[in-house]
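Asker: fold the following for me, if possible:
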Amino acid sequence: MNNYRILVVDDEEDLCEILKFNLENEGYEVDTANSAEEALQMDISHYNLLLLDVMMGEISGFKMARMLKQDKKTAQIPIIFITAKDTENDTVTGFNLGADDYISKPFSLREVTARVKAVLRRTSSQETERIPEQLVYKSLVLDIVKKKVCINGEEAPLTKKEFEILLLLLQNKGRVFSREDILNKVWSDEVYVLDRTIDVNITRLRKKIGDYGKCIVTRLGYGYCFEAE
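Answerer: Numbers count the residues shown, from 1 in each chain. A predicted model of the protein is given here:
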């Protein structure tokens, strides 16, 4: 079994039920909607994949896809278009809208299942590789791209090493890092650094991040970790 959620949107109710039955047999959690209007009333951001029929009522599959791609909450959800229209122009339109695949009717259920698996495998691996631009804990925001830390909107004046220590701890909340771990990850290019250097940087870091300083916990004999309150 897996935890992928799929939404099938097609105005043919029988087809929706057939796809739902077969995809659920593959272990997916599947919901259906018989129009774009019905689908747009749902919380689409919770789905891992959309199967959209192109030829629907007032809002076509293409139009619905365009709406979803313009919304940050749904822009990254992969889409497979299912349609009886298999002309080159329609296929190009679909891919230009950001479609991940395009299946023409009539189709075999084995083909649909294979394409669903392929798209989910590809997009889930991309998601794993994607590095977040920010780490957020309550009102503490660490911006990985801009290399700065803000608390309640005010920037904390961290040095490069302080920033890198906080980044390491925030990325691995609850994990204890020994002084040697921190030295290897933050001072990897330095020839010789005293253990005391780690303690001094941790002390300064705690002061600079105010109330969040107490989240950086010392585990005597082991090292340091960031513990959520």
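Asker: ok, what's across the strand from V149?
Answerer: L142, A156 (DSSP bridges).
Asker: surely it is in contact with P157?
Answerer: No. At 9.0 Å, V149 and P157 do not qualify as touching, with contact defined as C-beta atoms under 8 Å. The C-beta positions use only the backbone N, C-alpha and C, and glycine is treated the same way.
Asker: for Y212, which non-adjacent residue is spatially closest?
Answerer: The shortest distance from Y212 to any non-neighbouring residue, by C-beta to C-beta, 6 or more residues apart in numbering, is to L140 (5.1 Å).
Asker: what sits against the one you found?
Answerer: L140 is in contact with V149, C150, I151, I209, Y212, counting by C-beta atoms under 8 Å, 6 or more residues apart in numbering.
Asker: which of the residues you listed sit farthest apart?
Answerer: Greatest spatial distance among these (C-beta to C-beta): C150 and Y212, at 11.5 Å.
Asker: compare neighbour counts for the two and give me the winner.
Answerer: For C150 versus Y212, the count of surrounding residues by other C-beta atoms under 10 Å is larger for Y212: 21 against 15.
Asker: and the more buried one, how far from E229?
Answerer: Distance from Y212 to E229, counting by C-beta to C-beta, to the nearest Å: 9 Å.
Asker: cool, V136 as well?
Answerer: 14 Å.
Asker: between those two, which is the more surrounded one?
Answerer: Under the criterion of other C-beta under 10 Å, the comparison of V136 against E229 puts V136 first, with 11 against 8.
Asker: so which residues of the protein form strands?
Answerer: Per DSSP state E, the chain has strands spanning 5-9, 29-33, 49-53, 79-83, 101-104, 134-137, 140-143, 148-151, 154-156, 216-219, 223-226. These are given in chain order.
Asker: those: which one's closest to T123?
Answerer: T123 sits nearest to strand 49-53 of all the strands of the chain, at 7.7 Å, using C-beta to C-beta.
Asker: what helices or strands is the closest one leaning on?
Answerer: With contacts defined as 3 or more C-beta pairs under 8 Å, 6 or more residues apart in numbering; DSSP states H and E, the secondary structure elements packing on strand 49-53 are strand 5-9, helix 61-69, strand 79-83, helix 109-129.
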